[in-house]
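Novice: this one's structure only:
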């Protein structure tokens, strides 16, 4: 008797589950607006980190006097 092949079925991630709930509760336009807003938040954070890094580099640079 031969054993049947075992197939692994991936469980949905938390993100997938949240997106499924989101799609049930929100219309397409609201979903798009929310995602655009979150993308904007992430981009603002990236720019803030870059600004802090640039300030740190400039503070460490030697001062040139004319």
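Specialist: Alright, I've got the coordinates. It should be emphasised that the depicted structure is a prediction, and the values quoted were computed from it without experimental measurement.
Novice: Could you use CA atoms for every contact and neighbour count after this?
Specialist: Noted.
Novice: Any idea how many residues pack against residue 60?
Specialist: Per other CA atoms under 10 Å, the neighbour tally for residue 60 reads 9.
Novice: what's near enough to touch it?
Specialist: By CA atoms under 8 Å, 6 or more residues apart in numbering, the contact list for residue 60 is empty.
Novice: if I look at it, how far off is residue 52?
Specialist: Per CA to CA, to the nearest Å, residue 60 is found 13 Å from residue 52.
Novice: same thing with residue 18?
Specialist: Per CA to CA, residue 18 is found 33 Å from residue 52.
Novice: Which residue lies nearest the spatial centre of this structure?
Specialist: residue 42 (6.7 Å; CA atoms, centre = their mean).
Novice: pLDDT of the helix or strand containing it, averaged?
Specialist: Residue 42 belongs to helix 28-60 when assigned by DSSP states H and E. Helix 28-60 shows a mean pLDDT of 93.
Novice: Spatially nearest residue to residue 23, not counting backbone neighbours?
Specialist: Nearest non-adjacent residue to residue 23, counting by CA to CA, 6 or more residues apart in numbering: residue 31, 7.5 Å away.
Novice: Am I right that the one you found is in contact with residue 25?
Specialist: No. At 9.3 Å, residue 31 does not count as touching residue 25 under the criterion of CA atoms under 8 Å.
Novice: The residue nearest to residue 23 and residue 17, how far apart?
Specialist: 15 Å.
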